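Novice: Everything below, folded, please.
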Amino acid sequence: MARLPSEEQPTAAGDDVRVQEAGAGKPSEEEEVKEEEAEVKGIKMSEVEQHTSLDDLWLVIDGKVYDVTPFMDDHPGGGEIMLSAAGKDGTQDFEDVGHSPHARELLKKYYLDEFAGGVGSGVATKSGGGGMGIMAFLLPILVVVMAFAAKYLTA
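Specialist: Numbering: from 1, shown residues only. Presented below is the predicted three-dimensional model:
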């Protein structure tokens with residue numbers, strides 16, 4: 001009689017053993033995804049997005065996550081300025097300001113874990129600094145136009 005793949009076969013010791021189908025020893029795609037998720041270490045963006053308020057703020061800077069809540073009142077630019085980096089990778093914002101070596105050393109005190117990556121949902125972001133780039137571009141042009149207008153209108 002032919003054996004079916006799921007048919008139980010007794011061994012010499014009397015134990016039941018199932019005959020496996022070809023490739024049954026390999027994990028399924030679903031199992032591989034679960035293993036990959038289990039291997040991811042650190043804090044994901046979805047978790048960072050849950051900490052975006054003045055009284056509970058986590059920032060992602062240089063691939064690390066920091067709980068800067070205790071520093072909100074002491075930040076030289078005020079706690080509100082740090083909210084512009086909430087719910088996203090704030091590395092560029094941090095670098096653009098040109099923080100001192102002392103500030104970088106102080107940041108270590110608030111370290112939580114490595115950043116595991118991930119894409120933010122965009123729901124929790126409280127960014128107000130996105131328009132600053134266009135202002136930096138338009139302001140000099142506006143000043144030059146005003147200077148020419150003042151020169152020709154007063155002549």
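Novice: Would you tell me which helix is longest in this protein?
Specialist: As assigned by DSSP state H, the longest helix anywhere in the chain is helix 132-153.
Novice: Could you measure from Phe137 over to Phe148?
Specialist: According to C-beta to C-beta, to the nearest Å, Phe137 stands 18 Å off from Phe148. In short, each C-beta sits where N, CA and C put it, glycine included.
Novice: no wait, His75
Specialist: Remark: distance between His75 and Phe148 (C-beta to C-beta) = 40 Å.
Novice: Check Glu105 too.
Specialist: Noted for Glu105: a distance of 48 Å to Phe148, by C-beta to C-beta.
Novice: cool, and Ile81?
Specialist: Relative to Phe148, and taking C-beta to C-beta, Ile81 is found at 35 Å.
Novice: neighbour-wise, which of the two wins?
Specialist: Ile81 (15 against 10; other C-beta atoms under 10 Å).
Novice: which helices and strands sit right next to the strand or helix carrying that one?
Specialist: Using DSSP states H and E, Ile81 sits within helix 79-82. On a contact count with 3 or more C-beta pairs under 8 Å, 6 or more residues apart in numbering; DSSP states H and E, helix 79-82 meets strand 56-61.
Novice: and the next element down the chain from the strand it packs on?
Specialist: Strand 56-61 is succeeded, C-terminally, by strand 64-67 (DSSP H and E).
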